[in-house]
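>>> One predicted model, sequence on top.
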Amino acid sequence: MHKLRNLLGPLRVFDAVHRAGGISRAADLLHITPGAVSQQIKLLEATMGIALLRKSGREVELTEAGGRLAVRLADLFDRIEAAIGEAVEAANPRRLRLKVLPSFAIKWLVPRLAGFYAVHSDIDVEIATVARPEDLHLDNADFVVRHGTGEWTDVQFDHLFDEAFVPVCSPVQAATIREPRDLLQAKLLHSMLRPEGWPTWFESAGIAPASSDRNVVLANAALCLQAAADGLGVAIAQLAYARDELSSGRLVRPVDHVARTEFGYYLICDPLRAQREPLKSFREWVRTVV
């Protein structure tokens, strides 16, 4: 038992390497250095007497033994997290845990939460953000928000809003734009998470986008909207994210064209828990939000 207890830390690090797909990504996930990850893996290999990873280019891959161990560990850690989650939920049944992208939290969810608390003051909402869409898994969360076409078969989902791209900028910047083609000469702000935003809008407007050295790439949509309001350039935005700034006049739409796609944003949860409280109350509230 003592030996197992000493291995729990290195085993969790090894599980992170497996899930993240490499030492560097695991280090980011665990908020430690790649060197610390490698040290924990070496300790685990030395204690077990087997090789778990091998070099593959600039990263690593699992050995056959490592692959078998990783699959078993992933299942065990998932079950441990589920057991902890159930225990916490039993102690605090009026708590909701959401996992979302930062822009969704900042520009859509948080500004609307006061409306939820107005009718459900007894429910606590915890919001965690992840850096990448591929990290939006339910695991220990009650809800995640995904971008897609609503064709999932393994989850319960509720439609939030349709995708609609619009150019937005400061009122001063808008004075220099007379028609959609003028945007080809503007400094364009791009989100790293949605690099297809501007190409989608230009194509929808019937304009061939030109390559430009005036593009500015920012980490997410929330930063793009802030930069646009500060006069840095023109951002391509989800209409749902920009409504508050547009209503206040802090941002304006220099041209009217809206690019709509077949995609939308959806609230996702476990179908086995969708009708349980407090998930049911949150889902019912979401359907009333615009």
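Structure received.
>>> okay, stretch 265-273 in PDB with CA atoms only?
Extracted in PDB, the C-alpha atoms of stretch 265-273 (Å, rounded to 0.1, in the frame of the first residue of the first chain):
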ATOM      1  CA  TYR A 265     -23.800  26.800 -30.000                       C
ATOM      2  CA  TYR A 266     -25.300  24.200 -27.700                       C
ATOM      3  CA  LEU A 267     -25.500  23.400 -24.000                       C
ATOM      4  CA  ILE A 268     -24.400  19.800 -23.500                       C
ATOM      5  CA  CYS A 269     -25.100  17.500 -20.600                       C
ATOM      6  CA  ASP A 270     -25.300  13.800 -19.700                       C
ATOM      7  CA  PRO A 271     -28.700  12.500 -20.900                       C
ATOM      8  CA  LEU A 272     -29.100  10.400 -17.700                       C
ATOM      9  CA  ARG A 273     -28.900  13.500 -15.600                       C
END
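>>> How about residues contacting that stretch?
The contact list for stretch 265-273, computed with CB atoms under 8 Å, 6 or more residues apart in numbering, reads 104, 136, 138, 142-148, 150, 152, 154-161, 163, 240, 279, 283, 286. To be clear about C-beta, it is placed using only N, CA and C from the backbone, and glycine gets the same treatment.
>>> chain center to it, what's the gap?
Relative to its chain's centre, stretch 265-273 lies at 15 Å (CA atoms, centre = their mean, to the nearest Å).
>>> try stretch 47-64
30 Å.
>>> Next, the buried residues of it.
Neighbour counts over stretch 47-64 (16 or more other CB atoms under 10 Å) mark 52, 53, 60, 62, 63 as buried.
>>> can you pull the pLDDT of the second one?
Meaning residue 53. We note a pLDDT of 92 for residue 53 in this prediction.
>>> Kindly report the same for the third one.
Among the per-residue scores, residue 60 holds a pLDDT of 85.
>>> Okay, now the unreliable bits of the chain?
1-5, 85-86, 88-93, 210-213 (pLDDT under 70).
>>> could you show me where the strands are in it, in order?
In the chain, strands defined by DSSP state E lie at 53-56, 59-62, 95-100, 124-129, 143-148, 156-168, 188-191, 216-218, 234-238, 259-269, listed in chain order.
>>> what about those, which gets the closest to residue 181?
Of all those, it is strand 156-168 that lies closest to residue 181, at 12.1 Å by CB to CB.
>>> Neighbouring strands of the closest one in the sheet, and parallel or not?
Applying DSSP bridges to the sheet, strand 156-168 is found paired with strand 234-238 (antiparallel), strand 259-269 (antiparallel).
>>> Based on its surroundings, how many neighbours for residue 262?
9 (other CB atoms under 10 Å).
>>> Do I have it right that it meets residue 149?
Yes - applying CB atoms under 8 Å as the test, residue 262 and residue 149 come out as touching, 5.7 Å apart.
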